[in-house]
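Participant: The amino acid sequence is not available; the structure is as follows:
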């Protein structure tokens, strides 16, 4: 079985919950021999957590990157919060518009979850 | 017409809103001769509301169970909040991982609503 | 490319974020020659923002209406908040049940985003 899911995080305080959600999905798949394609799309204030120097969830984010989870950040939100791409974790994908990414992924068959 | 929808509740304070949403869906279908398959999936702190002895929404939850609405609880969340399955309303379905359930149901054609 | 998305707003304080999200989607499509069908469905307390006389986001809402964005309000929520249809912006579509609209649109291939 293949689970394809995009998680949407737009509030800073939801990162802990979202990362726990993704860990549960990955753990389930690993325990059951299932495959997954998982992306976490951050827009609005939530992009601030992706600044490597100040992130409160560095270990969890890096651990999920190593599991193949894709982290994407909305370029509009980065601009709005005056964050440079060079300040982000090196593995972050910057997308032109978070809501376009959320729409495109659902069109490709990804389920949407908003923690 | 058949309406298939999974509602996602992960915040305790969203139960009132979510149950009202589901009631509106059921009422609409009953009034219009439509069919429905509706599930409410609780994860994170929201699972606490499914403990029969302490639930603040007992009547609403039992009423919707009688209308055929499925209530599911995430096993990871139950464990995290030290809730035994025997403490839940008897009709609760416990699923191994809430996010897997939300993904699987969307793959089966259920719409996703996050009150 | 055609982007079809329904945005769900049920909290009053999420209007600013939701309208910004929709503006980003419209701007992206205009800049890239893509088409869009976008609807903002308001239920619960969020319908109050659609009263023309008291809305805090009049300019943004009217501007997006002019861009072809559809604004829909749940009739149950209007009733619950004692709002008459004549008090709404003239271009608001009133739907019998917001959750039915959210389900129907997803069935028609709209992506769902909950800011």
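Facilitator: On my side now, so go ahead. Since we're looking at a predicted model, the values are computed, not measured.
Participant: Could you use CA atoms for every contact and neighbour count after this?
Facilitator: Noted.
Participant: so where do the strands sit in chain A?
Facilitator: A:2-9, A:35-42, A:70-74, A:93-95, A:111-113 (DSSP state E).
Participant: can you put these in TSV and add distance to residue C:12 and mean neighbour count?
Facilitator: Compiled in TSV, these are given as follows (distance: least, Cα to Cα, whole Å; neighbours: other Cα atoms under 10 Å in any protein chain shown):
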stretch	distance to residue C:12	mean neighbour count
strand A:2-9	19	22
strand A:35-42	21	21
strand A:70-74	23	22
strand A:93-95	28	17
strand A:111-113	21	26
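Participant: Quick one: closest of the ones you listed to residue C:61.
Facilitator: Evaluated over those, closeness to residue C:61 peaks at strand A:70-74, with 22.5 Å, by Cα to Cα.
Participant: strand partners of that closest one, parallel vs antiparallel please.
Facilitator: Applying DSSP bridges, strand A:70-74 is found paired with strand A:35-42 (parallel), strand A:93-95 (parallel).
Participant: Same list (those strands) but as JSON lines, adding mean pLDDT and distance to residue C:87.
Facilitator: Formatted as JSON lines, those follow (pLDDT from 0 to 100; distance: least, Cα to Cα, whole Å):
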{"stretch": "strand A:35-42", "mean pLDDT": "98", "distance to residue C:87": "36"}
{"stretch": "strand A:93-95", "mean pLDDT": "98", "distance to residue C:87": "39"}
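Participant: Between those strands, which one is closest to residue C:98.
Facilitator: Among these, strand A:35-42 comes nearest to residue C:98, with 25.7 Å by Cα to Cα.
Participant: can you redo the strands paired with strand A:70-74 as a markdown table with distance to residue B:36?
Facilitator: Formatted as a markdown table, these follow (distance: least, Cα to Cα, whole Å):
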| stretch | distance to residue B:36 |
| --- | --- |
| strand A:35-42 | 29 |
| strand A:93-95 | 37 |
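Participant: Between those, which one is closest to residue B:23.
Facilitator: Minimum separation from residue B:23 across these (Cα to Cα) falls at strand A:35-42, 31.3 Å.
Participant: and the angle for the closest one with strand A:2-9?
Facilitator: 10 degrees (axes from the mean of the first three to the mean of the last three Cα atoms, to 10 degrees).
Participant: Could I get the full set of helices for chain A?
Facilitator: Under the criterion DSSP state H, chain A carries helices at the ranges A:15-32, A:58-66, A:75-80, A:98-107.
Participant: Pick the most deeply packed of those.
Facilitator: helix A:98-107 (a mean of 21; mean count of other Cα atoms under 10 Å in any protein chain shown).
Participant: And the contacts of that one?
Facilitator: Contacts to helix A:98-107, defined as Cα atoms under 8 Å, 6 or more residues apart in numbering or on different chains, come from residues A:6, A:8, A:41-43, A:73-76, A:95, A:112, C:3-5, C:21-22, C:24-25, C:28, C:109, C:111-113.
Participant: Next, the contact list for the residue positioned nearest the centre of chain A, please.
Facilitator: Closest to where the C-alpha atoms of chain A average out (Cα atoms, centre = their mean) is residue A:40, at 1.9 Å. The contact partners of residue A:40, taken as Cα under 8 Å, 6+ apart, are A:6, A:7, A:8, A:9, A:69, A:70, A:71, A:72.
Participant: Smallest gap between chain A and chain C, at which residue?
Facilitator: residue A:103 (5.3 Å; Cα to the nearest Cα).
Participant: Please report how far that residue lies from residue C:69.
Facilitator: As for residue A:103, its distance to residue C:69 is 16 Å (criterion: Cα to Cα, to the nearest Å).
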